[in-house]
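Peer 1: would you be able to build a 3D model of this:
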Amino acid sequence: MVKQKITKTITLGQLLKKYPEAAEVLFKEGMMCVGCPMAMQETLEQGCQAHGLDVNKIIKEINKKIGGKK
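Peer 2: This next block holds a predicted model:
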C-alpha cells in the first residue's frame with residue numbers, strides 16, 4: 001500500500017517544488033498550465049476543478065508516482 005504524501009490542499013507550486021516528477025502525471029491528464037504563475041497559487045483541487053479532472057484520481061496517481069520518496 002502506498003502511503004499518501006500529498007492532499008488536495010497542497011498548492012501546485014508546493015507540489016512541483018517538492019515533487020517535480022508530479023508534473024508528468026499532471027501533463028498526462030491534460031493540465032498543461034502548471035507552469036503558469038497564477039496556477040502555482042492554486043491548490044491541486046482548484047486546478048483539477050478548473051480542468052474537469054477527478055482530484056482523488058490525480059492524488060492517487062501522484063502518490064503512486066512519488067511513493068518511494070520522503
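Peer 1: ok, Tyr19 - contacts?
Peer 2: Under the criterion of CB atoms under 8 Å, 6 or more residues apart in numbering, the neighbours of Tyr19 are Lys5, Ile6, Ile62, Lys65, Ile66, Lys69. C-beta: built from backbone N, CA, C; applies to glycine.
Peer 1: is the second one in contact with Leu15, as I believe?
Peer 2: Yes. Ile6 lies in contact with Leu15 (CB atoms under 8 Å); the separation is 6.2 Å.
Peer 1: more neighbours: which of those two?
Peer 2: Leu15 (23 against 17; other CB atoms under 10 Å).
Peer 1: dump the residue contacts of the more buried one.
Peer 2: Taking CB under 8 Å, 6+ apart, we find Leu15 in contact with Ile6, Ala22, Leu44, Ile62.
Peer 1: among those residues, list the two that are farthest apart in space.
Peer 2: Using CB to CB, the contacts of Leu15 span at most 9.0 Å, a distance reached by Ala22 and Leu44.
Peer 1: what touches both of those two?
Peer 2: Residues within reach of Ala22 and of Leu44 at once, by CB under 8 Å, 6+ apart, are Ile6, Leu15.
Peer 1: tell me which residues in the host helix or strand of Asn56 are buried?
Peer 2: According to DSSP states H and E, Asn56 maps onto helix 55-65. Within helix 55-65, the residues that count as buried by 16 or more other CB atoms under 10 Å are Val55, Ile58, Ile59, Glu61, Ile62, Asn63, Lys65.
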